[in-house]
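Asks: give me coordinates for this.
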Amino acid sequence: MADTAQTYANHTRWHGPFHFFVLPVMLINVIWAIVLFVKAPNATQGWWIVVSVALVVLAFLARTYSLKTQDRIIRLEERLRYRQLLPADLAGQTRALVLGQMIALRFASDAELEEMVREVLAGRLTKSAQIKAAVKDWRSDTHRV
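Replies: Numbers count the residues shown, from 1 in each chain. This next block holds a predicted model:
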């Protein structure tokens, strides 16, 4: 994705090792454990179902924790950006933004940030997808988890 300009249409991040290897292997493992249990029900096969489900949960927790950390960093970066680029009164009002709105606003260029923040605070743009779609000059974020 670094070779092409990032836009609303192509900004979704698929992490190959997680989405196309770890997750499918974990899900196949759960299904296989269930198949083995159905064929020969016993305590050991039942336990492998429990372990397989635990591994799926572990994979999702690892992914979720990294995304939550990323969200906290984005929130901090955007608050600093608001302080630097927005008028003081408007920067103070940005505390009313929810995290999803802040995350979407990070794609707005510095030149259009003030207008976009005013639109969001006025309630004309509320959902993350609406905010991202309204961005005219996309500010790429290629360092995501």
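Asks: what helices or strands is the helix or strand that contains residue 77 leaning on?
Replies: Taking DSSP states H and E as the definition, residue 77 sits inside helix 43-85. Packed against helix 43-85 by the contact rule (3 or more Cβ pairs under 8 Å, 6 or more residues apart in numbering; DSSP states H and E) you find helix 23-39, helix 88-93, helix 99-105, helix 110-121. (Each C-beta comes from the backbone N, C-alpha and C, glycine too.)
Asks: what sits against residue 145?
Replies: Residue 145 sits next to 13, 15, 66-67, 69-70 when contact means Cβ atoms under 8 Å, 6 or more residues apart in numbering.
Asks: confidence score at it?
Replies: Residue 145 is assigned a predicted lDDT (pLDDT) of 70.
Asks: could you do residue 11 as well?
Replies: pLDDT for residue 11: 77.
Asks: then residue 19?
Replies: On pLDDT, residue 19 comes in at 89.
Asks: do residue 2 as well
Replies: pLDDT, residue 2: 51.
Asks: just residue 16 next, same as before
Replies: If you check residue 16, the pLDDT there is 86.
Asks: repeat for residue 50
Replies: 98.
Asks: cool, and residue 6?
Replies: Each residue has a pLDDT score; the one for residue 6 is 74.
Asks: once you drop chain neighbours, what's closest to it?
Replies: Using Cβ to Cβ, 6 or more residues apart in numbering and skipping the chain neighbours, the partner closest in space to residue 6 is residue 140 (3.8 Å).
Asks: what about the one you found, which SS state?
Replies: coil (DSSP: H, G, I helix; E, B strand; the rest coil).
Asks: got it, and residue 6?
Replies: Under three-state DSSP, the three-state class of residue 6 is coil.
Asks: related to what we said a few turns ago, tell me the one of the contacts of residue 145 nearest residue 109?
Replies: residue 13 (20.0 Å; Cβ to Cβ).
Asks: show me how the record splits the protein into domains.
Replies: Per the record, the chain has its domains at 16-73, 86-137, by automatic domain parsing.
Asks: which intervals of the protein have sub-threshold pLDDT?
Replies: 1-4, 10 (pLDDT under 70).
Asks: I am finished for the moment; much appreciated.
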